[in-house]
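Asker: Predicted coordinates and the sequence they were generated for:
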Amino acid sequence: MPSRKFLVDTDTASDDAVAMIMALRDPEVDVLAFTVVAGNVPLDQAVQNALYTVELCGDDTPVYVGAATPLLRDLGTAQDVHGDDGFGDIGLDLQGRTPADGWAPQVLVDTIRAHPGEITLVTLGPMTNIATALLWDPGIASLVDRCVVMGGTGLNGPGNVSPNAEFNFWVDPEAVRVVLRSGLPLEFVGWDISIASAVVTDERRAAIRAIDTPVAHFSLDIQSVLADYALAETKLEGPDFPDPIAMAHAIDPSAATAEKVAVDIAIGPDPMRGTMIVDQFGFQGSTPNVDVVTHYPSDHFFALLHERLATR
Ligand code: RIB
Ligand code: CA
């Protein structure tokens, strides 16, 4: 019987799906729900992608519809990074599946209140659903065991959507500020960790391909657009896996190095929009509010990933 309860919020594109599979295939994790938010792709597509991924895993975890736009801004997607459909535009049948009845922020509130102190909340996209749930019921912040966030740029990493902003935080910075002020037990796994420890090089790709399970092949096949983008734009040796390494940290935090610091977020227009403001030395006297992961071993991450992709 799985001993751990996860809630996973996702803007389901090609790296999110791999993180979802890791959670669904972990013997100790019971994913109570996937809640979907617009980000990488528009909401309807993200919902269909999540449903497709759950079906591929032969699972029945419910998928709930959430926010179609950020709190106070128009949506900016990352279809140039993941493909128009978010899954590499390889022709998968990503339409016609039906989400569960219910609204994502309410499902977050109800589930956290039904399991006080037991939930690991993992966020893989813009934080709009989380912020909406917190604005509606601030008391849930003290009832969550852990909140593991794929977002930001660590203590001083580069941005991936502007010089210093990471995509999830750039899409909805107002939502991030609500979360930062909420009292949630926050652990940030930034894009700096992904580019340092989760790049799928040719060698890593061959090892995943050799696992030779349907989910292993799927996890590679849907990265076609991301791979081209990484090689051409972010100058990486292959597609990187930010959401999967954040999920690895959620599953096994023992391997991580982290530092608790005071974090705020820049709200204004580009180029500062969505930039993490890390008061590492306390100049502003702010209370440290986030455990920022500063290192996650690459071999450990890929071993965790392989174990779960190999499970049939
Ligand atoms: O910056 C990387 C993050 O933005 C990942 O979660 C990716 O899926 C996109 O949502
Ligand atoms: Ca994501």
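Answerer: Structure's in. What do you need? Ligands and ions are numbered 1, 2, ... in the order given.
Asker: got the residues of the protein near ligand 1?
Answerer: Residues of the chain that fall close to ligand 1, judged by CB under 6 Å from any ligand atom: 11, 13, 15-16, 39-40, 78, 124-125, 150, 160, 166-168, 191, 242-243. Any C-beta I mention is one placed from the backbone N, CA and C, and that applies to glycine too.
Asker: what is the rounded mean pLDDT of stretch 260-276?
Answerer: Stretch 260-276 shows a mean pLDDT of 97.
Asker: which residues touch that stretch?
Answerer: Residues outside stretch 260-276 that contact it (CB atoms under 8 Å, 6 or more residues apart in numbering): 152-155, 159, 161-166, 169-171, 173-174, 176-177, 180, 186, 188, 190, 277-280, 282, 284, 286-292.
Asker: Please produce a ChimeraX select command covering the buried subset of those.
Answerer: To isolate the buried members of the contacts of stretch 260-276 in ChimeraX, using 16 or more other CB atoms under 10 Å:
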select :152,153,154,155,159,161,162,164,165,166,169,170,171,173,174,176,177,180,186,188,190,278,279,289,290,291,292
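Asker: Sort out for me which of the contacts of stretch 260-276 are in helices.
Answerer: Using DSSP state H, the members of the contacts of stretch 260-276 that fall within helices are 169-171, 173-174, 176-177, 180.
Asker: so which of those residues comes closest to residue 299?
Answerer: Residue 299 lies nearest to residue 169 out of the ones in helices among the contacts of stretch 260-276, by CB to CB, at 27.9 Å.
Asker: State the number of residues packed around the residue lying closest to the closest one once chain neighbours are set aside.
Answerer: Nearest residue to residue 169 in three dimensions, chain neighbours excluded: residue 274, at 4.3 Å (CB to CB, 6 or more residues apart in numbering). Neighbours of residue 274 under the rule other CB atoms under 10 Å: 29.
Asker: Ok, residue 228 next?
Answerer: 14.
Asker: for the strand or helix carrying it, which positions count as buried?
Answerer: Using DSSP states H and E, residue 228 falls within helix 224-232. Applying a neighbour-count criterion of 16+ other CB under 10 Å, the buried positions in helix 224-232 are 224-227, 229-230.
Asker: Give me every residue in the chain lying close to ligand 2.
Answerer: Proximity of the chain to ligand 2 (CB under 5 Å from the ion) is limited to residues 11, 16, 124-125, 243.
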